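Participant: Just a sequence and a predicted model for now, questions to come.
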Amino acid sequence: MTRMATEPLPDSCCDDERPTVWLWSGHAAYRGPSLRLGTHSGSVTCFALGLDAPFVLRSGRESRSVRSALIPARTPHQIVAAEGDRMLFFYVDPGASRTAPLLDRMTDRADAIAYRHREEAALITEWSQGPVTDPEMLRRRLLDAGEPEAADERIRVALQLLRDRPGEWGSAAELAASVNLSQSRFLHLFSAYAGTSFRRYRLWAKMRRAATAVAQGADLSTAASDAGFASPSHFSDTFRAMFGLTATEMLAHGLDIVVMDP
């Protein structure tokens with residue numbers, strides 16, 4: 001397990017509780033202050049939980065005050081919480097586990113975004129108090145540690161290739177050929193299984209690779225280049241579009257990055 005800490009926290013944050021990102025081989029999680037997030041659109045499904053108070057989730061013309069929400073990939077939205085209120089975000093990588101167990105626990109599923117986790121109160125109690133000593137428990141709690149059930153073995157392999165070497169696949173055609181599929185068939189199967197596009201998933205895999213490099217001591221420019229981003233500005237623009245702020249802004253909050261597995 002690799003750990004990296006950035007600069008000291010601002011005075012407004014608790015001294016004994018640093019904002020933290022945990023990285024698994026596919027999934028990722030964040031616990032810390034809500035930050036001032038702009039409208040963004042994630043590359044994978046995100047579970048959001050207000051640890052200290054409800055947050056406002058804005059998407060399109062709708063605005064709802066909730067404590068938990070499951071936001072599908074490629075859904076433009078903004079999360080607004082009071083300054084200092086803490087959030088938990090868990091990003092579900094479709095190549096590592098399906099979202100079905102998590103979606104089944106959301107009790108309000110009338111729209112694309114699902115709300116109100118069945119065990120919302122218990123999750124808040126578990127994750128709002130003290131330092132996190134077992135982040136793996138969070139992954140198991142939300143996903144039942146379920147194994148992926150790929151509809152097509154070739155797509156499962158493609159997802160693994162993208163996670164392992166995201167910078168090597170310049171186009172969908174190249175990856176499709178490597179798993180013996182036509183590009184059109186590959187894109188159809190990929191989107192149907194992953195719930196996101198090839199392009200967006202490749203960006204997610206690159207972003208996780210860059211975050212791992214930062215955790216191991218690389219600066220942002222080196223991490224972005226090693227992960228396959230065309231330039232530091234491309235990385236910065238992608239990060240903002242995916243998470244609602246820049247990587248520099250996020251690291252300025254005294255972030256710990258913990259790599260759970262390679």
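Facilitator: Thanks, I have the structure now.

Participant: all helices for the stretch 51-200 of the chain, in order.
Facilitator: 100-103, 120-127, 135-143, 153-164, 172-178, 183-194, 198-215 (DSSP state H, counting those that start in this stretch).

Participant: who touches the first one?
Facilitator: Counting by C-beta atoms under 8 Å, 6 or more residues apart in numbering, the neighbours of helix 100-103 from elsewhere in the structure are Thr45, Phe47, Leu70, Val92, Arg109, Ala114, Leu142, Leu143, Asp144, Gly146. The way it works is simple: take the backbone N, C-alpha and C, and place the C-beta from them, glycine included.

Participant: Pull the most distant pair out of those residues.
Facilitator: Arg109 and Gly146 (19.0 Å; C-beta to C-beta).

Participant: residue nearest the centroid of this structure?
Facilitator: Tyr91 (3.2 Å; C-alpha atoms, centre = their mean).

Participant: Any idea what the residue lying closest to that one once chain neighbours are set aside is bridged to?
Facilitator: Leaving aside its sequence neighbours, Tyr91 sits nearest to Ala28 (C-beta to C-beta, 6 or more residues apart in numbering; 4.5 Å). Beta-bridge partners recorded for Ala28 (DSSP bridges): Leu23, Tyr91.

Participant: Confirm for me that Ala28 is in contact with Val92.
Facilitator: No: contact criterion C-beta atoms under 8 Å: Ala28 and Val92 do not qualify, at 9.2 Å.

Participant: So between these two, which is more surrounded?
Facilitator: Val92 (27 against 21; other C-beta atoms under 10 Å).

Participant: State the distance from the closest residue to the more buried one other than its chain neighbours to Ala241.
Facilitator: Sequence neighbours aside, Thr45 is the residue nearest to Val92 in space, at 4.5 Å (criterion: C-beta to C-beta, 6+ apart). Going from Thr45 to Ala241 by C-beta to C-beta, to the nearest Å gives 16 Å.

Participant: Repeat that for Ala230.
Facilitator: 14 Å.

Participant: Give me the more crowded residue out of the two.
Facilitator: Ranked by neighbour count (other C-beta under 10 Å), Ala230 and Ala241 place Ala241 first, with 16 against 10.

Participant: what's the helix or strand for the more buried one?
Facilitator: helix 232-243 (DSSP states H and E).

Participant: Run the chain-centre distance for that helix.
Facilitator: Put simply, helix 232-243 sits 14 Å off its chain's centre (C-alpha atoms, centre = their mean, to the nearest Å).

Participant: can you state the direction angle for that helix and helix 198-215?
Facilitator: Interaxial angle, helix 232-243 versus helix 198-215 (axes from the mean of the first three to the mean of the last three C-alpha atoms, to 10 degrees): 110 degrees.

Participant: Tell me which other helices or strands the following helix or strand past helix 232-243 touches.
Facilitator: Next along the chain after helix 232-243, taking DSSP H and E as the criterion, comes helix 247-251. In terms of contacts (3 or more C-beta pairs under 8 Å, 6 or more residues apart in numbering; DSSP states H and E), helix 247-251 is packed against helix 220-227, helix 232-243.

Participant: what comes up buried for helix 247-251?
Facilitator: Neighbour-count burial for helix 247-251, counted by 16 or more other C-beta atoms under 10 Å, picks out Ala247, Glu249, Met250, Leu251.

Participant: of all these, which comes closest to Asp52?
Facilitator: For the buried residues of helix 247-251, the nearest to Asp52 is Met250 (19.3 Å; C-beta to C-beta).

Participant: Distance check, that closest one against Ala73.
Facilitator: 20 Å.

Participant: Ser59 too?
Facilitator: 13 Å.

Participant: And those two? Which one has more around it.
Facilitator: Ala73 (22 against 19).

Participant: The more buried one against Ser191, yeah?
Facilitator: No: with contact defined as C-beta under 8 Å, Ala73 does not count as touching Ser191 (10.0 Å).

Participant: Can you say which of the contacts of helix 100-103 are buried?
Facilitator: Thr45, Phe47, Leu70, Val92, Ala114, Leu142, Leu143.

Participant: okay, who's weakest in these by pLDDT?
Facilitator: The lowest pLDDT within those belongs to Leu143, with 83.
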